[in-house]
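[1] sequence and predicted structure below; questions after.
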Amino acid sequence: MEAVPRMPMIWLDLKEAGDFHFQSAVKKFVLKNYGENPEAYNEELKKLELLRQNAIRVARDFEGCSVLRKYLGQLHYLQSRVPMGSGQEAAVAITWTEIFSGKSVAHEDIKYEQACILYNLGALHSMLGAMDKRVSEEGMKVSCTHFQCAAGAFAYLREHFPQAFSVDMSRQILTLNVNLMLGQAQECLLEKSMLDNRKSFLVARISAQVVDYYKEACRALENPDTASLLGRIQKDWKKLVQMKIYYFAAVAHLHMGKQAEEQQKFGERVAYFQSALDKLNEAIKLAKGQPDTVQDALRFAMDVIGGKYNSAKKDNDFIYHEAVPALDTLQPVKGAPLVKPLPVNPTDPAVTGPDIFAKLVPMAAHEASSLYSEEKAKLLREMLAKIEDKNEVLDQFMDSMQLDPDTVDNLDAYNHIPPQLMEKCAALSVRPDTVKNLVQSMQVLSGVFTDVEASLKDIRDLLEEDELQEQKLQETLGQAGAGPGPSVTKAELGEVRREWAKYTEVHEKASFTNSELHRAMNLHVGNLRLLSGPLDQVRAALPTPALTPEDKAVLQNLKRILAKVQEMRDQRVSLEQQLRELIQKDDITASLVTTDHSEMKKLFEEQLKKYDQLKVYLEQNLAAQDNVLRALTEANVQYAAVRRVLSELDQKWNSTLQTLVASYEAYEDLMKKSQEGKDFYADLESKVAALLERAQSLCRAQEAARQQLLDRELKKKAPPPRPTAPKPLLSRREEGEAAEAGDQPEELRSLPPDMMAGPRLPDPFLGTAAPLHFSPGPFPGSTGPATHYLSGPLPPGTYSGPTQLMQPRAAVPMAPGPVLYPAPVYTSELGLVPRSSPQHGIVSSPYAGVGPPQPVVGLPSAPPPQFSGPELAMAVRPATTTVDSVQAPISSHMAPRPGPAPAPPQPCFPVPQPVPQSVPQPQPLPAPAPTSASAPAPAPAPAPASASAPAPAPAPAPTASIWATTHTTAPSIPASTSLPISGPRDSHTTTPLPFYSSAWCFGTATTHPAHPALPRPTSRHSSPTLRGSAFPEPWASSSSPHPGIWPCPFP
């Protein structure tokens, strides 16, 4: 049946329009009600008039349909601004011709104009649908659409214009037109279904619906009122419609028979084919006088249906033998309406175009627009309140969880070197000598620092030695005898001391900066080596995470849920933004202008429905938040342990990264500070070196002056020539002198010894010497065995010499000199022979019991056994004469005490023994008996033969006053320098020498009790760099330098 010829379609004629003079009425209304110049709307009125002319003389094509729709919409806009209805102020008479009678009908109502345009729109669509031959699939679709649009126009006219302005627009005629158009549209759809070979049952139902539409139209045609209105065309339409009813009923039963055949219901097949054949015969009877197309279609259908019937009956009679049921017993075919009237929207902007009278907005439209805006705002406030409540809950929850999606699972960041650290590595890679240059620079700085410190120490030693020699000279010759030195030299030495103190203070301040600089270098040089090395080593130095697969699974789950939270946030923000934009752009003023006041509420409801979809999406988003937060809480509980590990890892990572970056950034500063240090110490070294040369020159001049003064004084007290005598111990004495002088040249043996800058170790012999026991000697005054302590006070009763004839002078304050080893205190029991020099003999004693005794027969040539040992390794040359007194300088190596009996020679100083233990505490010494410094010196007298009858000495013999300390080597004092003797000792008291710890030891110097016969030591200010100051407070450091700043050597 897909090739069956097409049946003809029914179409309607267009109505003819008369006059419509609306311009004058519109201008009057605008002037009166809007208060505007009506001439300003001449252009709009001309456009509307031109549009009407195109509409009443419309072209028979699709463009004509668009013109009619546009004119219909503009009439609607004009009516909303200028009331031109029946009985209204701007009503104008409108004339149109009736279709069936040809009479002119006039009404003073703009709705009559609109109704006539709607009728012509439906008639034009019916005409366009009937004109197509429908031989192609596209033609069938276009015809079906036209018929549906025609049905929609007639249906809108029937519903919105109930008043029958003319007979051709009565309700009966409009209903007839609607059914005819729908039936023809369904017919086109049936032709398309048969062409597509759809299922037989579906084709049967479509065909049955065509029959239903035509039956409704036929009933309208049979109505007497309709028949009287239609006139002559009523019979033609009725005959054609009835024929189509039987024809399409036959087609429906034909396809029902095909379905029964498919279901192998051969009896039913015969019944449906028999019914189809009967209905087709009825259609042929009604088709008399119809066009040839109708006859061709009927003949084609007869061939198909007749053939099907004969074949089915024959098969059933000879093969299947099924009973043929009656048609009434079979299930009737129910129609399937697949077409409907397409609605007409006269205010659709896509169809009507822009409003010609858009500038004319009635006040009622403004009021209605405000009401609609309030409805929109109310809707927006409700949704925003819900969103804000949910957002607040979500923000509080996320803040309490302290979860950042960016840092939860950033394990990949720990597998790479950060960009900022990579930049530092790249910068160091182009400078491979970075670490080497830094180390070399610091080494150079250390060398210059050491040179400056050594030079300052040499200056200090020179100044201290000069001051000590000056004090010795004063003690030897007395204040009156010494006399004032060269004022110029002393002033220059004072200036040297001040310069030395200033440089020392600057050096001490700079030493702190130097230490800080070295500490900083040691801190950063390792990191700089790391950054200069391969990147694999740099990456290995950074901490890495160590997580189990379970921990990684927990991280992934938490990250997924956090992504859901973020997705929910983003979707919520997007929906809120869409809602805001849609409400902002929603303007229905044009619709309000064309809407009656009674329909405003309905219009609002319809317009607000456009927000329903967004509201549903937002409600779903808000409802999902509770489920997401519940899942996030559970995931966070599992994440707690992993979070602790990652937090510690992040802290270590950032700390390491900052340390490495800080080391790189500190490199330039270290190099700059190192260069500043080198420049500073280079300048300071040059000034210190010049000061050292100046100090050496001045000290040599001072030494020469002192020597001259000493020689002059000695010449005044020259001793008488002494007789020659054999010197049996000359070789041993020369060996002792050589041992004492060491390997120094002759010209340097009178200089002070080199002092060590480090702390002195105690002499094990001086601090812990055991008492030595001697047998009674033949010297006068010896009462028995006595002990001799090399350090500490002498035991009472060991000396029975005369009482002191001269009180010791008061202690003279003086600056501390270089530390020397103390000479052992010799008693009469020890009996050591004092010496002055290799060229002089022993010194005679000014009083009994002191000095060389009378020659004794059987003097031992070797020390007794109790004197054997390293402490007596030095040989002592025996006296070669018995002169009572020798006024010659006494050697600075010892301060002898003559005894009543000779003793074998022994060294003046014990052999030093290095010990690792700390320095022993000094032993307190008792003060000697007071003496008068101003007592007259006794006249020289010969030495007595017995200690009980002492003879007065011509002059007090000087006693050595030397600073006791604990050095590991015994310093040598020039032989030409004599040491003063405080005064004579009696037989019951001795004046021991105090022991002081080294002035250059670490820490604060220990304060010791002052001895009356020795200069009172001044307070010393310790310094870590100089290890103690040798000068009183005026030259000590008073402030510490600011770290990191090199002090200027000159103020």
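    That came in fine, so what should we check first?

[2] state the mean pLDDT of the host helix or strand of Ser311.
    Using DSSP states H and E, Ser311 falls within helix 292-315. Mean pLDDT, helix 292-315: 93.

[3] that one: what's the following helix or strand?
    Scanning onward from helix 292-315 (DSSP H and E), the first element met is helix 349-352.

[4] against which helices or strands is the following helix or strand past that next one packed?
    Using DSSP H and E, the next helix or strand after helix 349-352 towards the C-terminus is helix 363-401. Applying 3 or more Cβ pairs under 8 Å, 6 or more residues apart in numbering; DSSP states H and E, we find helix 363-401 packed against helix 549-585, helix 589-593, helix 600-608, helix 612-716. For every residue, glycine as well, the C-beta is placed using N, CA and C.

[5] other residues contacting stretch 133-144?
    6, 9, 128-130, 132, 184-185, 188-189, 191-192, 195, 339 (Cβ atoms under 8 Å, 6 or more residues apart in numbering).

[6] make that stretch 252-272, sorry
    In contact with stretch 252-272 (Cβ under 8 Å, 6+ apart) are residues 1, 199-201, 203-205, 207-208, 211, 273, 275-276, 279, 304-305, 308-309, 312-313, 315-316, 319-320, 322-327, 330, 333.

[7] and the residues you listed, which are buried?
    1, 200-201, 203-205, 207-208, 211, 273, 275-276, 279, 304-305, 308-309, 312-313, 315-316, 322, 324, 330, 333 (16 or more other Cβ atoms under 10 Å).

[8] just to revisit the earlier point, which stretch in the helices and strands packed on helix 363-401 has the least confidence?
    Out of the helices and strands packed on helix 363-401, helix 589-593 stands lowest, with a mean of 76 (criterion: mean pLDDT).

[9] for that helix, output the C-alpha coordinates as CSV.
    The C-alpha coordinates for helix 589-593 follow below in CSV (Å, rounded to 0.1, in the frame of the first residue of the first chain):
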residue,chain,number,x,y,z
THR,A,589,7.1,44.2,30.4
ALA,A,590,6.2,43.5,26.8
SER,A,591,4.1,40.6,27.9
LEU,A,592,2.5,42.6,30.6
VAL,A,593,1.6,45.3,28.1
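
[10] heads up, I number from 558, so please use that
    New numbering, starting at 558: the last item is helix 1146-1150.

[11] so which bits of it are buried?
    Buried-residue list, helix 1146-1150, by 16+ other Cβ under 10 Å: Ala1147, Ser1148, Leu1149, Val1150.

[12] which strands or helices does it pack on?
    Using 3+ Cβ pairs under 8 Å, 6+ apart as the test, helix 1146-1150 ends up in contact with helix 619-638, helix 920-958, helix 1157-1165.

[13] low-confidence regions, this structure specifically.
    962-973, 987, 1036-1045, 1103, 1274-1608 (pLDDT under 70).

[14] just checking, Asp1023 touches Ala1258?
    No: judged on Cβ atoms under 8 Å, Asp1023 makes no contact with Ala1258 at a distance of 10.0 Å.

[15] neighbour count winner among the two?
    A count of neighbours by other Cβ atoms under 10 Å puts Asp1023 above the other of Asp1023 and Ala1258, at 26 against 17.

[16] name the element Asp793 belongs to?
    helix 790-819.

[17] now the angle from that helix to helix 849-872?
    30 degrees (axes from the mean of the first three to the mean of the last three Cα atoms, to 10 degrees).

[18] can you list the buried residues in helix 790-819?
    791, 794-818.

[19] quick one, whatever helix or strand comes next after that helix and helix 790-819 angle?
    Next helix or strand after helix 790-819 toward the C-terminus (DSSP H and E): helix 823-843. Inter-element angle recorded for helix 823-843 and helix 790-819: 160 degrees (by the same axes, to 10 degrees).

[20] enumerate the positions of helix 823-843 that are buried.
    823, 825-837, 839-841, 843.

[21] then stretch 1194-1205?
    Gln1195, Tyr1196, Val1199, Arg1200, Leu1203.

[22] of the residues you listed, which pair is most distant in space?
    The span of the buried residues of stretch 1194-1205, defined through Cβ to Cβ, is set by Gln1195 and Leu1203 at 13.5 Å.

[23] what does the domain assignment say about this structure?
    Here the domain parsing of the chain from automatic domain parsing is 558-754, 759-895, 1284-1298+1322-1355+1374-1482+1514-1560.

[24] if I look at Asn1114, how far off is Asp1207?
    20 Å (Cβ to Cβ, to the nearest Å).

[25] re the thing from before, and Ser998, which of the helices and strands packed on helix 920-958 is closest to it?
    Nearest to Ser998, of the helices and strands packed on helix 920-958 and by Cβ to Cβ, is helix 1169-1273 at 4.2 Å.

[26] quick one, the closest one and helix 1106-1142 angle?
    Using the same axes, to 10 degrees: helix 1169-1273 against helix 1106-1142 is 120 degrees.

[27] host element of Val662?
    Val662 belongs to strand 661-664, assigned by DSSP H and E.

[28] list the buried ones in that strand?
    Buried residues in strand 661-664, counted by 16+ other Cβ under 10 Å: Val662, His664.
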